[in-house]
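Let's see this in three dimensions:
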Amino acid sequence: MPGTIVLDEPETVDEERLAPLWKVICHDDPITTMEFVVDMLTKIFRQPMPRAMELMLRVHMQGSAVIGLWPESVARKKVNRAHAMARAQLFPLTLSLEKDE
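The predicted structure is shown next:
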């Protein structure tokens, strides 16, 4: 049709995949305070207060809990920031990473 502009549809690639996500796991210890864990979860991991409280209690009661899923580089940065925050207050907080399957 004269005067009609036809735009090509962008190609979609079925094989395009997102980067795999990594679980950040918080582990219980007898020294790090519950208040510190909640503070760390809200400040570094951006958890809302009710969720931070729930996660802290899960860590305390079960020994560990997955606190979130992020791309590997983001997860590592958050874990490093949390460890630095804990060490600054002399807490032995332990967080680990595990690839989400």
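
Would you list the phi and psi of residue 100?
When quoted as degrees, to the nearest 10, the phi and psi of residue 100 stand at phi -80, psi 130.

How about it, nearest residue that isn't a chain neighbour?
residue 21 (4.5 Å; C-beta to C-beta, 6 or more residues apart in numbering). In short, each C-beta sits where N, CA and C put it, glycine included.

Can you tell me the number of residues neighbouring the one you found?
By other C-beta atoms under 10 Å, the residues close to residue 21 number 16.

If it is in a bridge, with which residues?
In this entry, residue 21 is beta-bridged to residue 71, by DSSP bridges.

pLDDT score for it?
Note on residue 21: pLDDT of 97.

in terms of contact, does it touch residue 74 like I think?
No: assessed by C-beta atoms under 8 Å, residue 21 is found out of contact with residue 74, at 9.3 Å.

just for this structure, where's the confidence low?
Low-confidence segments of the chain (pLDDT under 70): 1-17.

where along this protein do the strands fall?
21-27, 64-71, 94-99 (DSSP state E).

I'd like to know how many residues surround the closest residue to residue 78 other than its chain neighbours.
The shortest distance from residue 78 to any non-neighbouring residue, by C-beta to C-beta, 6+ apart, is to residue 44 (5.6 Å). Residue 44 is flanked by 20 other residues according to other C-beta under 10 Å.

Geometric centre of this structure: which residue is closest?
In the chain, the residue lying closest to the centroid (C-alpha atoms, centre = their mean) is residue 68, at 3.7 Å.

Please name the spatially closest residue to that one (chain neighbours excluded).
residue 24 (5.4 Å).

One more: residue 81?
Closest to residue 81 by C-beta to C-beta, 6+ apart is residue 44, at 5.2 Å.

which residues sit in contact with the one you found?
Residue 44 sits next to 78, 81, 82, 85 when contact means C-beta atoms under 8 Å, 6 or more residues apart in numbering.
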